[in-house]
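Engineer: sequence first, predicted model second:
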Amino acid sequence: MPAFETLLYTTEPPVATITLNRPDELNSIVPPMPDEVETAVVLADRDPAVKVIVLRGAGRAFCAGYNFGGGFHQWDDLMNTDGRWDPGKDFAAMTARTISPHRKFLSIWRASKPVIAQVHGWCVGGGSDYALAADIVIASDDAVIGTPYARMWGTYLSGMWLYRMSFAKVKWHSLTGAPLTGREAADVELINEAVPFDRLEARVAEVAANLSRIPLSQLQAQKLIVNQAYENMGLSSTQTLGAVLDGLMRNTPDAMEFVDTATESVRAAIEQRDGPWGDYSQAPPERRPDPSHIIEP
């Protein structure tokens, strides 16, 4: 068993559970989390005793997205040459399945076995890409799901936001970056279900148990045919374009000013981005996740 730094991997056949485990940092994405998610998914996929994989986050968030504090320097080796952004290096790394962080967490999509994302608290930015790559997404009613990078410093990477919702909803959320509560996300069919937080773990366990009653090859066949239909609709090419555009949007003058501000104060950068909209961390309490809703790893 690998010695994981950013997650916990447990099995209670026929279910394997991957728990993002940086609770003090809201499970924000830093190296080596993408590599470790891929490794854990492969472990579960290869384990003949496992039929279903559950992905969740420890603490009070599923995942708060990429950690861009400190100037995002933890990813310099993928994007920079001699201390400067290298667009050729960036696009090559971010479109390579063996290197790209988001390609690695798309192992959730590529796994032959069904993956259930158990979402609570913040599920934003790259964290939403983690969750929406799963086959079934069940969230707490008060979870907040969104892509604030739609306003600054990024673009869709996994493409799942585009393929899970209607054209009108996709246009709205892609242009505004507006978040959804777990209940709202279920209502527009971005995710499968939303339940009160105190029922979340039990509901995920119930769905996992029901799926586990189905023969594994049947589950794999059904996942394959559905995924292939979306691949035929251009999902892979959308993901490739998203990775290239994301690199460009991370390096516009506006984006570089945003990161400079975040280097000094992440809070100040977020206030500038989201304050005029009054959402995400700038929202009133009733539009933010309940901080007492905690998943114990």
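Structural biologist: It's in. Residues are numbered from 1 along each chain as shown.

Engineer: let me see the ranges of the helices in the stretch 101-250 of the chain.
Structural biologist: With DSSP state H, counting those that start in this stretch applied, the stretch 101-250 of the chain shows helices at 101-105, 107-110, 126-132, 160-164, 167-176, 182-187, 197-212, 216-232, 235-249, listed in chain order.

Engineer: after the last one comes which helix or strand?
Structural biologist: In this case it means helix 235-249. Past helix 235-249, further along toward the C-terminus, the next helix or strand under DSSP states H and E is helix 253-264.

Engineer: helices and strands around that following helix, which ones?
Structural biologist: helix 266-274 (3 or more C-beta pairs under 8 Å, 6 or more residues apart in numbering; DSSP states H and E). Just so you know, the C-beta spots here come from the backbone N, C-alpha and C atoms, and that holds for glycine as well.

Engineer: run through who's touching the helix it packs on.
Structural biologist: Contact partners of helix 266-274, identified using C-beta atoms under 8 Å, 6 or more residues apart in numbering, comprise 68-69, 148, 151-152, 258-259, 261-262, 280-282.

Engineer: among those residues, which has the minimum pLDDT value?
Structural biologist: Comparing pLDDT over the contacts of helix 266-274, Gly69 scores lowest. The value there is 78.

Engineer: for Ser292, grab phi and psi.
Structural biologist: Its backbone dihedrals place Ser292 at phi -80, psi -10, with angles given as degrees, to the nearest 10.

Engineer: ok, Asn27 - contacts?
Structural biologist: For Asn27, the contacting residues are 20-21, 57-59, 61-64, 127, by C-beta under 8 Å, 6+ apart.

Engineer: hmm, Val144 is touching Thr181, no?
Structural biologist: Yes. Counting by C-beta atoms under 8 Å, Thr181 is a contact partner of Val144 at 6.3 Å.

Engineer: those two: who's more crowded?
Structural biologist: In this view Val144 and Thr181 are compared by other C-beta atoms under 10 Å, and Val144 has more residues nearby, 29 against 21.

Engineer: excluding its backbone neighbours, what's nearest the more buried one?
Structural biologist: Excluding its sequence neighbours, the residue lying closest to Val144 (C-beta to C-beta, 6 or more residues apart in numbering) is Pro179, at 5.1 Å.

Engineer: near that neighbour, how many other residues are there?
Structural biologist: Applying the criterion other C-beta under 10 Å, we find 25 residues in the vicinity of Pro179.
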